[in-house]
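> This is a predicted model, with the sequence first.
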Amino acid sequence: MKLNSTKIKINIIFNLICLCIIFLLLILIHNRKSNLVYAGQIYSEVKKTDSSEILFDASEKKIEILRAKIDNLSIKKTEISKEIDMIKQALLSNLKIKNKSNINVSQNFLRFQKSLLTNKLYTLKQNINEINLEQIELESKLKKIILLKK
C-alpha cells in the first residue's frame with residue numbers, strides 16, 4: 001500500500017511541475033507576440049494590423065505635405081523680400097529725383113508714388129510676418145507628427 005501512495009504522490013508532483021512549466025511557456029510565448037502598452041491604469045495590447053500600416057503611411061504623407069508647404073512658404077518669403085528690396089530702391093530713386101528738383105516730374109506725383117510704395121512696402125512686410133507665423137505653425141505640427149510617429 002505504501003508503495004502505491006508514493007507513486008501517486010510522485011506522479012502528482014511531476015504532473016504539477018510539468019503543468020507549471022507549460023503554463024510559464026505559454027505566458028512567455030504570449031508576451032513575445034503581443035506588445036503591452038501602459039496607458040494610465042490599464043495595460044492595453046497593441047497588435048500590428050493593416051490599418052496601423054495604413055496609418056503609418058498616412059503620417060509619412062502628412063510629413064511630406066507639411067515639408068512641401070514649409071518649402072513653398074520659404075520660397076514666397078524670399079520672393080517678397082526681393083520685392084521689398086525693389087520697392088526700397090524705387091523709393092531711393094524717387095528721393096534722388098526729388099532732391100534734384102527735376103522740372104519734368106511734379107512734386108505731387110512723387111509724393112503720390114512715395115505713398116503708394118510705402119503702403120505696398122507695409123503690406124509686404126505684413127505678408128512676411130503672416131508667412132513666418134504660418135511657417136512656425138507648420139513646423140510645430142511637423143514636430144508633433146514626428147514625435148507621435150516615434
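Now that the structure is in, tell me what you want to look at.

> Now for residue 66, how many residues are close by?
Neighbours of residue 66 under the rule other Cβ atoms under 10 Å: 19. Yep, even glycine has a C-beta here, placed from its N, CA and C like the rest.

> secondary structure element for it?
helix 50-100 (DSSP states H and E).

> What is the subsequent helix or strand relative to that helix?
The helix or strand immediately downstream of helix 50-100 is helix 107-149, counting by DSSP H and E.

> ok, back up a step: does the helix holding residue 66 pack against any helices or strands, and if so which?
Applying 3 or more Cβ pairs under 8 Å, 6 or more residues apart in numbering; DSSP states H and E, we find helix 50-100 packed against helix 107-149.

> I'd like to know which elements the helix it packs on is packed against.
Other elements packing on helix 107-149 under the criterion 3+ Cβ pairs under 8 Å, 6+ apart are helix 50-100.

> any idea of the mean pLDDT for the helix it packs on?
Averaged over helix 50-100, pLDDT sits at 80.

> Tell me how many other residues crowd residue 117.
The burial count for residue 117: 16, using other Cβ under 10 Å.

> And residue 146, by the same measure?
Applying other Cβ under 10 Å, we find 12 other residues in the vicinity of residue 146.

> That one - nearest residue in space that isn't next to it in sequence?
residue 63 (6.8 Å; Cβ to Cβ, 6 or more residues apart in numbering).

> Residue 135 now?
Leaving aside its sequence neighbours, residue 135 sits nearest to residue 73 (Cβ to Cβ, 6+ apart; 4.7 Å).
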